[in-house]
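Colleague: Just a sequence and a predicted model for now, questions to come.
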Amino acid sequence: MKKIITYVLLVGVFVTLTWYVIERGSQIVRQAQMISNGKIESLEDNAKPVIIDTSTNVINQFVANIKFPLSILLLQVIIILFTSRVFGIIFSKLGQQTVIGEIIAGIFLGPSIFGWLFPEQFALIFPHNSFISLQFLSQIGLTFFMFVIGMDLDLSKIKSKTHDAIIISQVSIIFPFFLGACVSYYIIQDLAPQNVSFLSFALFMGIAMSITAFPVLARIIKERGLTKTPLGVLAITCAAADDVTAWCMLAAAIAIVKAGSITSSLFTIGLAITYIVFMLYVIKPWLQRVSTRRAISERSDKNVIGIAFFILLLSAYFTEIIGIHALFGAFIAGVVMPNNTQFKEILSDKVEDVSTILLLPIFFAFTGLRTQIGLLSEGNLWFTCLLIISVAVIGKLAGSALTAKLIGRTWKDSLSLGALMNTRGLMELIVLNIAYDLGVFGPQLFSIMVIMALCTTFMTGPLLDVVNYSFERSSRVDNKGKG
């Protein structure tokens, strides 16, 4: 009881003294203001009470706080995370990947649905001048995510595999790339922005058609228990080789678009090649030695983790300033990380949760805010959309499946591999956003390509189920006939 009384007395005394100081200070300020206005009057004789409508001030301050950029950004992140989680759970219950639900959540929050149904609320929550903040957050999330993807990529395994995976991988890029260039010839006059060269347009259309979503494919293989099967190993290897080839092509395409021609981009491409060689043959061995010494001495791993993050940011910065995008630098930084399982697990734990749970949904939402399905109001645009989806499926699925069959795989494995390689998902959206930022794709084509990415990713699971069911049924019929 004595301690409580002492506490109350001390607080009361200092609160009273503080209030007295504040009052005296306020009087000094009022006197100074009156003197500066030439109104020197006696405060005791002429002071009049100032009536302040506190309720109005509180409301105005509250409204101003709501419209403050940081408040808007926090509200956007809260809504994005909640909506992404809800859609992710719904689609996981439907047997689809969570990432599909998150992508559709982004489209739901964009002008295609939420903005169309509730335009005033949409303008309040997602004012156009707030897009730049979301874009920066999404780019940071993608940078860390690509770093994790690079760490998951084991170049030694790709080198050690048979030539089958390399053949399938390269055909599954070359064939859809060729089809993408052909489609470009058909749609460039109607859907390409002004002053875009056919070379730039065809390059990005070809890459968009030939990309494979390595992370989504890996999750599907893991969930279906195919990780250690010949089909699973072959699919992972093909997708990994696809990623390396596609990202190198993307880096070259970005350099060409920014430079304006192949000749002008040679300097940038030369810098990129020099950078890759330096990272693989200088930085990677050095990091391996640092990691080994730290593991042997059992010292704290904080210094090594700090070095890894420094290399990630420096690599992303360098590739951004030379003109091949920060994401490519983050990907290469992940590739050169030491071949130390414990080290990679520590890094992944620190980076992956933040990037996939917090920042990637922001990227999906930002993509959704750019996707305007209402722009496809004309019938010929929906025909173009169906054409692009069909060409994408033929190029990737049929190209992979037929190549696998030609080199001796069974029809079941070949078709399953084609269905897996047709998965585009997040990697496709990254390519599309880069093309949009560079002005190669306009709003209409961007929306069409997002729909294509969703359709080709969504059909992966059902196609695998159809292939398995068809061959199991055929097997049962054959066994019944023999019996």
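Modeller: Nice, I can see it. Numbering: from 1, shown residues only.
Colleague: quick one: low-confidence parts of the stretch 151-300 of the chain?
Modeller: 154-163, 227, 293-300 (pLDDT under 70).
Colleague: Which SSE is immediately downstream of the helix or strand that contains residue 77?
Modeller: Assigned by DSSP states H and E, residue 77 belongs to helix 69-93. Sequence order places helix 98-109 as the next helix or strand after helix 69-93, per DSSP H and E.
Colleague: between that next one and helix 69-93, what angle do the directions make?
Modeller: Orientation of helix 98-109 against helix 69-93 (axes from the mean of the first three to the mean of the last three Cα atoms, to 10 degrees) gives an angle of 130 degrees.
Colleague: next structured bit after helix 98-109?
Modeller: Next in sequence after helix 98-109, counting helices and strands by DSSP H and E, comes helix 114-117.
Colleague: Now do the helices in the stretch 201-350 of the chain.
Modeller: Counting by DSSP state H, counting those that start in this stretch, one finds helices in the stretch 201-350 of the chain at the ranges 214-223, 230-259, 262-278, 284-297, 302-322, 326-335, 341-353.
Colleague: would CSV of these with mean neighbour count and distance to residue 18 be doable?
Modeller: Yep, even glycine has a C-beta here, placed from its N, CA and C like the rest. What follows is the helices of the stretch 201-350 of the chain, written out as CSV (neighbours: other Cβ atoms under 10 Å; distance: least, Cβ to Cβ, whole Å):
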stretch, mean neighbour count, distance to residue 18
helix 214-223, 20, 57
helix 230-259, 22, 60
helix 262-278, 15, 60
helix 284-297, 14, 52
helix 302-322, 18, 43
helix 326-335, 26, 50
helix 341-353, 15, 44
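Colleague: Give the rounded mean pLDDT of the helix holding residue 77.
Modeller: Helix 69-93 shows a mean pLDDT of 89.
Colleague: Counting neighbours, which bits of it end up buried?
Modeller: 72, 76-77, 79-81, 83-85, 87-88, 91 (16 or more other Cβ atoms under 10 Å).
Colleague: and if you look at stretch 467-477?
Modeller: Across stretch 467-477, burial judged by 16+ other Cβ under 10 Å covers 467, 471.
Colleague: Tell me how far it lies from the chain's centre.
Modeller: 38 Å (Cα atoms, centre = their mean, to the nearest Å).
Colleague: now swap in stretch 84-92 and tell me
Modeller: Here stretch 84-92 is found 17 Å from its chain centre; the criterion is Cα atoms, centre = their mean.
Colleague: Kindly report the same for stretch 174-191.
Modeller: Going by Cα atoms, centre = their mean, where stretch 174-191 is centred and where its chain is centred differ by 25 Å.
Colleague: and for that stretch, what are the contacting residues?
Modeller: Contact partners of stretch 174-191, identified using Cβ atoms under 8 Å, 6 or more residues apart in numbering, comprise 196, 198, 201-202, 205-210, 249, 380, 384, 387-388, 391-392, 394-396, 399, 442, 444-445, 448.
Colleague: just the buried members of these?
Modeller: Buried among the contacts of stretch 174-191 by 16+ other Cβ under 10 Å: 196, 201-202, 205-210, 249, 384, 388, 391-392, 395-396, 399, 442, 444-445, 448.
Colleague: Narrow the residues you listed to those in strands?
Modeller: Residues of these located in strands (DSSP state E): none.
Colleague: Verify the stated contact: residue 90 with residue 102.
Modeller: No: using Cβ atoms under 8 Å, residue 90 makes no contact with residue 102, being 10.8 Å away.
Colleague: so how far is residue 4 from residue 460?
Modeller: Taking Cβ to Cβ, to the nearest Å as the measure, residue 460 falls 67 Å from residue 4.
Colleague: Out of the two, name the residue with the larger neighbour count.
Modeller: residue 460 (24 against 8; other Cβ atoms under 10 Å).
Colleague: Return the per-residue confidence for that one.
Modeller: 86.
Colleague: what's the nearest residue to it if we skip its chain neighbours?
Modeller: Once flanking residues are discounted, residue 460 sits nearest to residue 423: 4.6 Å by Cβ to Cβ, 6 or more residues apart in numbering.
Colleague: Which helix or strand contains that neighbour?
Modeller: Using DSSP H and E, residue 423 falls within no helix or strand.
Colleague: how far away is it from residue 407?
Modeller: Separation of residue 423 from residue 407 (Cβ to Cβ) stands at 21 Å.
Colleague: Same check on residue 371?
Modeller: According to Cβ to Cβ, residue 371 stands 38 Å off from residue 407.
Colleague: One more: residue 311?
Modeller: Using Cβ to Cβ, residue 311 is found at 38 Å from residue 407.
Colleague: cool, and residue 309?
Modeller: The gap separating residue 309 from residue 407 is 42 Å, by Cβ to Cβ.
Colleague: In terms of neighbours, single out the busier of residue 371 and residue 407.
Modeller: Neighbours per residue (other Cβ under 10 Å) separate residue 371 from residue 407, with residue 371 holding more: 26 against 15.
Colleague: Assess the claim that the more buried one and residue 448 are in contact.
Modeller: No: counting by Cβ under 8 Å, residue 371 does not reach residue 448; the two are 9.6 Å apart.
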